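Enquirer: Attaching a predicted model along with its sequence, questions to come.
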Amino acid sequence: MSQPDLALLLTVLVGLALRGLGLLLGGALRPDHPAIAWASAVSVATLAAFVTLAIAAPAGLLATVPLAARLVGLAAGGLAYWRLRGRLLPAMAAGLAALLLARLLTG
Amino acid sequence: MSAGQASRQGVTEALGAPALAMGATFLAFGAAVAEAGLPLGWALLCTGAVYGMAGQLVLLQVASGGGAALPATRAATAANARFLPMAVAIAPLLGRRAPRWLALPFIAITPWAAGMRRLPALAEPARLPWFLGFAVASWCAAMAATAAGHLAAPALPLPLRAALLFANPLYFALLLAADAGRPGVAPALLAGILAAPLAHAVGGAWGLPLAGLIGGSLAFLWQRWR
């Protein structure tokens, strides 16, 4: 087995183990147990940090989109979400369209 | 609501904005795998079985650049370490009976975020069927998008793929903003934003889980003690 294939297999197994351990621990606790609230807070904070980084300082291909275009996309998505009373799909379409447009305009 | 109705509703809800957000990201992933010269089967196995984009990107980097299996696994696991607290947090909503294990391979960021919003309002017997409906539909969307991205890679220019990668953070930004009113969410949200520079400074695969752990723990403690 090649190294990349072995890495894929091991990552899949560890991922399943992490999920299984989480289900086991969370399933054994009362829904109002502090550990459940802590796990939720860590999950939300991780997600918020991911979104912040992806918009402010992304890595990889997204970094080729200028910051101004990313901010325009976020603002347009947020504005559309608010104006359309929480309809996600058109809000996302508006955000992506605005990002593409801003990118065209900024070169 | 019967179990069948709940799972159909889960499918319907997955095939809107969540499918768009995931589809765009996995389309870009499929194209990147093709560009790295790896086969469609590798891309589908990676999406279907790892099912966590951060870890998938680490694996892709290793597979295309050459590297040893153990450091790659460590980095990919760190990138997907969020699976553990996410599974703990959603477990009580999936019930205590054996069928909840069916949800195991689908615990990933999109079904998790949707489940945490939606499940508390559903009657207990409807929760697991709803989650499985949502999870299987979004997993199928991710698989289809990966395959489409791999096949259509030459037709997807880099600027378009870069824009597609924005769909995911935009989706979660909107969800988090909408959820800020739910109990316990706002402090963790703010702590995560404030911890982002730490993730950036630490960098690599460990930066994000470390920032989430510190930010989330501080938000939790602040709420307990105030």
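Expert: Cool, got the structure.
Enquirer: Could you chop chain B up by domain?
Expert: Chain B breaks down by automatic domain parsing into domains covering B:3-179, B:181-226.
Enquirer: So which residues of chain B form strands?
Expert: In chain B, no strands are defined using DSSP state E.
Enquirer: Redo the domains of chain B as TSV? Include distance to chain A.
Expert: Where C-beta positions appear, they are placed from N, C-alpha and C, glycine not excepted. Shown next, in TSV, are the domains of chain B (distance: least, C-beta to the nearest C-beta, whole Å):
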stretch	distance to chain A
domain B:3-179	2
domain B:181-226	3
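Enquirer: Adding mean neighbour count and mean pLDDT as columns, could you present those in CSV?
Expert: Conversion of the domains of chain B to CSV gives the following (neighbours: other C-beta atoms under 10 Å in any protein chain shown; pLDDT from 0 to 100):
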stretch, mean neighbour count, mean pLDDT
domain B:3-179, 20, 91
domain B:181-226, 19, 91
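Enquirer: which helix is the longest one in the chain?
Expert: Here I'm looking at chain A. helix A:3-28 (DSSP state H).
Enquirer: I was thinking of chain B, sorry if that wasn't clear
Expert: Per DSSP H, chain B has its longest helix at helix B:124-151.
Enquirer: now check the longest helix of chain A, is it near chain B?
Expert: Yes: applying C-beta under 8 Å from any C-beta of the partner chain, one finds helix A:3-28 in contact with chain B at A:3-4, A:6-8, A:10-12, A:14-16, A:18-27.
Enquirer: right, and the helix or strand after that helix?
Expert: Where DSSP states H and E defines the elements, the next helix or strand beyond helix A:3-28 is helix A:34-56.
Enquirer: what does the average pLDDT come to for the very next helix or strand once past that following helix?
Expert: Downstream of helix A:34-56, the next assigned helix or strand under DSSP H and E is helix A:67-83. Taken as a whole, helix A:67-83 carries a mean pLDDT of 95.
Enquirer: which residues are contacting the next helix or strand after helix A:67-83?
Expert: Using DSSP H and E, the helix or strand that follows helix A:67-83 towards the C-terminus is helix A:88-106. Contacts to helix A:88-106, defined as C-beta atoms under 8 Å, 6 or more residues apart in numbering or on different chains, come from residues A:65-66, A:68-70, A:72-81, A:84, B:16-17, B:20-21, B:24, B:159-160, B:163-164, B:166-167, B:170-171, B:174-175.
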